[in-house]
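[1] Okay, structure incoming, though there's no sequence with it:
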């Protein structure tokens, strides 16, 4: 008696897994980019702001000078002499517009127009007032995506 080979229709397990992996990649990477989602650019912008704040704080302590960060323009300046409270000297190898973004929907709120990092690590605002804490919100289309916290007494950035 002969057995007829039956041809079973359907997909193999390898084919199903391959399709699932491809759909996962599309869902994670391609679709948000096609839909205009700027979450990645917002995260990068937040990282640039944190880096600029940390650079200002570390430079103030290392050079024993006041370092001013203009949060509107992203410029970083240092005082010419120890003890001076005005900042007018451009830092070597540091470009202006430290955290300039490409997308107008990405913004920053809660930051004073100027932050003055002191040689002892503390932070003053543009009016020479020390705040215990400064919270800077990184926003995307007006919605807060990240909050950066600065300790006004120590200059710690998180």
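    Happy to help now that I have it. Since we're looking at a predicted model, the values are computed, not measured. Numbers count the residues shown, from 1 in each chain.
[2] Which helix runs longest in this structure?
    Ordering each helix of the chain by length in residues (DSSP state H) puts helix 39-63 first.
[3] which strands and helices sit next to it?
    Judged by 3 or more C-beta pairs under 8 Å, 6 or more residues apart in numbering; DSSP states H and E, helix 39-63 is in contact with strand 67-70, strand 75-78, strand 106-109, strand 114-117, strand 133-140, strand 143-151. In this view, the C-beta of every residue, glycine as well, is placed from N, C-alpha and C.
[4] mind redoing it with 10 Å?
    helix 31-34, strand 67-70, strand 75-78, strand 106-109, strand 114-117, strand 123-125, strand 133-140, strand 143-151 (3 or more C-beta pairs under 10 Å, 6 or more residues apart in numbering; DSSP states H and E).
[5] In TSV, list these along with mean neighbour count.
    What follows is these, written out as TSV (neighbours: other C-beta atoms under 10 Å):
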stretch	mean neighbour count
helix 31-34	11
strand 67-70	23
strand 75-78	21
strand 106-109	16
strand 114-117	24
strand 123-125	21
strand 133-140	18
strand 143-151	15
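[6] Tabulate these (a markdown table), appending distance to residue 95 and mean pLDDT.
    Listed next are the helices and strands packed on helix 39-63 as a markdown table, based on distance: least, C-beta to C-beta, whole Å; pLDDT from 0 to 100:
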| stretch | distance to residue 95 | mean pLDDT |
| --- | --- | --- |
| helix 31-34 | 27 | 67 |
| strand 67-70 | 13 | 88 |
| strand 75-78 | 9 | 84 |
| strand 106-109 | 18 | 85 |
| strand 114-117 | 18 | 90 |
| strand 123-125 | 22 | 88 |
| strand 133-140 | 20 | 90 |
| strand 143-151 | 21 | 91 |
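[7] between those, which one is nearest to residue 98?
    The closest of the helices and strands packed on helix 39-63 to residue 98 is strand 75-78. By C-beta to C-beta, the value is 6.3 Å.
[8] Following the chain past that closest one, name the next helix or strand.
    The helix or strand immediately downstream of strand 75-78 is strand 89-90, counting by DSSP states H and E.
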